[in-house]
Structures are given as structure tokens and as C-alpha cells.
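Undergrad: prediction below, plus the sequence it came from.
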Amino acid sequence: MLRKKDLLGLKDLTAEEIEYVLDHAVEMKEALLSRQTLDNLRGKCVSTLFYENSTRTQNSFLTAAESLGARTLTINVATSSVKKGESLVDTGKTLDALMTDVIVIRHSMAGAPQLLAKHVKSAVINAGDGMNEHPTQSLLDLFTMREKFGTLKDLKVVLVGDIKHSRVARSNLWALGKLGAETVVVAPHTLLPKGVEELGCEVSTDVESAIAGANVVMGLRLQLERQKAGLFPSTSEYAELFAITRDKLESACPGAIVMHPGPVNRGIEIGSGLVDGASSVIEEQVTNGVAVRMAVMDILVGGNA
Ligand code: CP
């Protein structure tokens, strides 16, 4: 079970709660792959409220909701009454009044899902808040690693890229630490947040030495929309030093996997051939995302888990 009505981040979840979601997602993945529509959320409504762009997360939640038999509402913020000045809380209360049971929110402001959760009856799921957390992305990453290696304990997981602006990195560092993995973050000094060691990871600025012995190498997107200018000389120089390539992967463990939350800037964060190569699990991550989101929503409002 999860102790709260909402899923706002992994920082506050216990290892047992995280494992409970991952275990339930195994069952959900079986149903998803066999293209069954379950009844777990029959009669319930899931609304997506995205103030930032998304391809994977929003459609993954919608697919997950429909696979559980739920009704869905997609709020298009650009054409909604948000543009007439309606506040986040009033938008949330309107969704409650439209008989919504789950609100999935993405917002550029860290803390927006927490604010919404305090004011609505619906279960709130954080689909990414500023540079804070992206809990369901991390859960699908954990699920994918566990599927490949059987356990997360003692896995060496190296996160390469824009750590400073990455909510995916924060959620993964919180969760991987709780589940006993060894974590290393690699980035230029300008893309490392102050105090990142407090998240329990090693810190490096050298990709090749950091990757030595890794089981998982995860590229992170350069979040140009959140960066001030001048954090690195040019994207080509960044790519030369920090793009994950076949050469740089040579020192990883045999059987190491390459991950990326997407969207990928090919050739900048990961060599294009590697994105489609045998070690890449990037597409599996997307499918696993649906299973994990089915599990989260079933646990929060389905009452069947
Ligand atoms: N990984 C992720 O959050 O992708 P989207 O921005 O496409 O949702």
C-alpha cells in the first residue's frame, strides 16, 4: 500500500512502498502485453493537466487509465480557462466537480502538485514538477533495471548529463539509494547542482572513468529550456566529452544497459547508433511506463492491489 492519497515524489516513499508498486507493475505488464482491458478503474475518471509539453508521460497515463477501464479527460492548458487566469487550485476543484478521481499534473513550478493535492479530493500524481521530481519516470526506470538484473541491490548506476536541471535524476537518486544501488552522477561542473552528494551519489566530471564497471548507464536530456546561457561552450563540445558512445561504454560491465528517459537529443546525449543498439532499453522503458502507471493508479484509487 501507499500511505498517502497522492504520489508526489519518491523522496518520501519507503523502500517497501517502492517495491510494492514495482511488484504490482509485473502483473499490470502481463495484462498490458496481452492487450486486456481490466476493470480495476471502471467507473473512475483520470484527468491529465499538463502545463508543460509531453509525449511519453501524458500518453502513457492515458493508455494506462484506458487499460484499467477508466474514463479520461485531457485538459489542454493552452485552450483552457487557465488562459483566462484561472488558478491551479480552482482548475483542480473544477476537475473534482467533473467527478475526476485522479489528476495527473505536470508543471514548471516545483511544488505545484503538492499545492494541488492539499486542495482537491482527487488523488494527485506528479508527472514532473520543475527541477524537483518525476516519480513515475523513476519507477519505470527502476522496473526496467529490476527486470534486466533481478534486483537493484548493489547495481552500479551511472547518470550522465544535465543533473542540475533534471527531476528524473533527483527521483532516481532518492529511490536507487533506498533500494541499495550504487549511484554515480557525471556532468560538467556547471551542470552539477550544489550539494548533490547529499543525495548519496558519487560525483564525477569524467565519463570514461565513471562508467567503469557500470551495470546501467543512463543519459539525461540537456534541458536547454531550463538553462541559463553559457553553461558549456557549445553542444558539439559537450557531446565530445559527455555523449555516451560505444567507445566510452567499453569499460562498463558485460551486459550493461543504456537508458534514457526521452526525448533523446541523438548524438548529443547518446550516440545515435547506441540509441537503437542491442544494449539500449529506451523503448522498453516507454512500455514499462504504462505498466508502472497502471500499478500506481490501481494502488491509489482502484482498491484492487
Ligand atoms: N520522459 C518524459 O517525461 O518524456 P515526456 O516529456 O515526453 O513526457
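TA: Noted; the coordinates are in hand.
Undergrad: quick check: what element follows the longest helix along the chain along the chain?
TA: For the chain, the helix with the greatest residue count under DSSP state H is helix 15-33. Sequence-wise, the next helix or strand downstream of helix 15-33 (DSSP states H and E) is strand 45-50.
Undergrad: off-centre distance for that following strand?
TA: Its chain's C-alpha centre and that of strand 45-50 lie 17 Å apart, by Cα atoms, centre = their mean, to the nearest Å.
Undergrad: what angle separates whichever helix or strand comes after that strand from helix 15-33?
TA: Using DSSP H and E, the helix or strand that follows strand 45-50 in sequence is helix 56-67. Helix 56-67 and helix 15-33 are oriented at 70 degrees to each other (axes from the mean of the first three to the mean of the last three Cα atoms, to 10 degrees).
Undergrad: can you offset everything so residue one is 17?
TA: With 17 as the first residue, the last one maps to helix 72-83.
Undergrad: pretty sure Leu171 is touching Gly229, no?
TA: No - applying Cβ atoms under 8 Å as the test, Leu171 and Gly229 come out as separate, 10.7 Å apart. The way it works is simple: take the backbone N, C-alpha and C, and place the C-beta from them, glycine included.
Undergrad: ok, these two, which is more surrounded?
TA: Leu171 (21 against 13; other Cβ atoms under 10 Å).
Undergrad: name the SS class of Val274, please.
TA: Classification of Val274 by DSSP: H, G, I helix; E, B strand; the rest coil places it in strand.
Undergrad: how's this protein carved up into domains?
TA: Per the record, the chain has its domains at 31-149+302-317, 151-300, by automatic domain parsing.
Undergrad: is whichever residue of the stretch 117-266 of the chain sits closest to the ligand within a helix or a strand, and which one?
TA: Proximity of the stretch 117-266 of the chain to the ligand (Cβ to the nearest ligand atom) peaks at Gln153, 5.2 Å away. Secondary structure assigned from DSSP H and E places Gln153 in helix 151-165.
Undergrad: who are the packing partners of that helix?
TA: helix 31-49, helix 72-83, strand 139-145, helix 183-194, strand 273-275, helix 298-313 (3 or more Cβ pairs under 8 Å, 6 or more residues apart in numbering; DSSP states H and E).
Undergrad: and the angle for the longest one with helix 151-165?
TA: Following the same axes, to 10 degrees, one obtains 80 degrees for the angle between helix 31-49 and helix 151-165.
Undergrad: quickly note the distance from the nearest residue to Gly193 once chain neighbours are set aside to Ile227.
TA: Sequence neighbours aside, Gly216 is the residue nearest to Gly193 in space, at 3.9 Å (criterion: Cβ to Cβ, 6 or more residues apart in numbering). Distance, Gly216 to Ile227, using Cβ to Cβ, to the nearest Å: 19 Å.
Undergrad: looking at the two, which is more packed in?
TA: Between Gly216 and Ile227, Ile227 has the larger neighbour count (other Cβ under 10 Å), namely 23 against 14.
Undergrad: so what's Asp55 closest to, chain neighbours aside?
TA: Closest residue to Asp55 apart from its sequence neighbours, by Cβ to Cβ, 6+ apart: Gly85 at 4.9 Å.
Undergrad: these two touch, right, the one you found and Cys61?
TA: No - contact criterion Cβ under 8 Å: Gly85 and Cys61 do not qualify, at 11.1 Å.
Undergrad: with neighbour numbers in mind, choose between the two.
TA: Cys61 (19 against 15).
Undergrad: quickly list what that one is bridged to.
TA: Per DSSP bridges, the residues bridged to Cys61 are Arg87.
Undergrad: what of the one 5 residues further on?
TA: Beta-bridge partners for Phe66, by DSSP bridges, are Asn92, Arg122.
Undergrad: that one reaches Ala128, doesn't it?
TA: No - with contact defined as Cβ under 8 Å, Phe66 and Ala128 do not form a contacting pair (11.4 Å).
Undergrad: okay, and the common contacts of those two?
TA: Common contacts of Phe66 and Ala128 (Cβ atoms under 8 Å, 6 or more residues apart in numbering): Ile121.
Undergrad: list, one by one, the residues from the stretch 117-266 of the chain near the ligand.
TA: Neighbours of the ligand within the stretch 117-266 of the chain, by Cβ under 6 Å from any ligand atom: Gly144, Gln153.
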